[in-house]
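> this one's sequence-less:
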Ligand SMILES: [Zn+2]
């Protein structure tokens with residue numbers, strides 16, 4: 001999802017490059033004999049103008065790319081911080097998530113599996129059970 005300003009800048013730069021290529025192509029078609037010195041000079045001036053514009057467009061595109069890289073890095077950092085699991089000595093927890101994660105699945109295979117919570121079941125001591133490895137974890141130790 002590129003923003004409209006970057007897309008417009010890229011399209012504009014491409015258009016300029018295409019125009020320059022056409023200029024050179026037409027020059028080649030005409031052949032050396034038919035070209036007057038004035039025509040040659042004018043075409044070169046046009047080409048130079050286009051190239052200067054292309055160069056400045058690339059400078060602004062580079063700035064856009066750099067700011068996008070920074071934005072991506074920021075988002076990655078945020079994502080990592082948010083997804084980081086914290087171990088409380090029994091279970092793993094994620095910030096802002098009230099459901100614990102299975103320590104066996106996480107430490108064995110790196111799988112992040114939510115546990116099921118069983119409230120008030122005195123008959124079955126484990127408060128938390130894993131639907132994958134079937135282990136149970138009790139908060140009363
Ligand atoms: Zn498990």
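It's in. In this text the structure is predicted, and so the values were computed from the model without any measurement.
> buried stuff in the helix-or-strand element of the chain with minimal mean pLDDT?
Lowest on mean pLDDT, DSSP states H and E among the helices and strands of the chain sits helix 4-34, with a mean of 81. Of the residues in helix 4-34, 9, 13, 16, 20, 27 count as buried by neighbour count, 16 or more other CB atoms under 10 Å. Placement of C-beta: from N, CA and C, glycine included.
> return the member of those residues nearest to residue 103.
Among these, residue 9 lies closest to residue 103 (CB to CB), at 50.0 Å.
> what's whatever helix or strand residue 105 lives in in contact with?
Take DSSP states H and E as the rule and residue 105 turns out to sit in helix 103-109. Outside of helix 103-109, the residues within contact range by CB atoms under 8 Å, 6 or more residues apart in numbering are 85, 87, 90-92, 111-113, 130, 132-133, 135, 137.
> which is the succeeding secondary structure element to that helix?
Assigned by DSSP H and E, the successor of helix 103-109 is strand 115-117.
> check whether that following strand comes near the ion.
No - judged by CB under 5 Å from the ion, strand 115-117 makes no contact with the ion; its nearest approach is 7.5 Å.
> list the buried ones in that strand?
residue 115.
> please apply the same query to stretch 102-115.
For stretch 102-115, by 16+ other CB under 10 Å, it's 102, 103, 105, 106, 113, 114, 115.
> mind checking how far the second one is from residue 134?
Right, residue 103. Noted for residue 103: a distance of 14 Å to residue 134, by CB to CB, to the nearest Å.
> what do you get for residue 108?
Distance from residue 108 to residue 134, by CB to CB: 13 Å.
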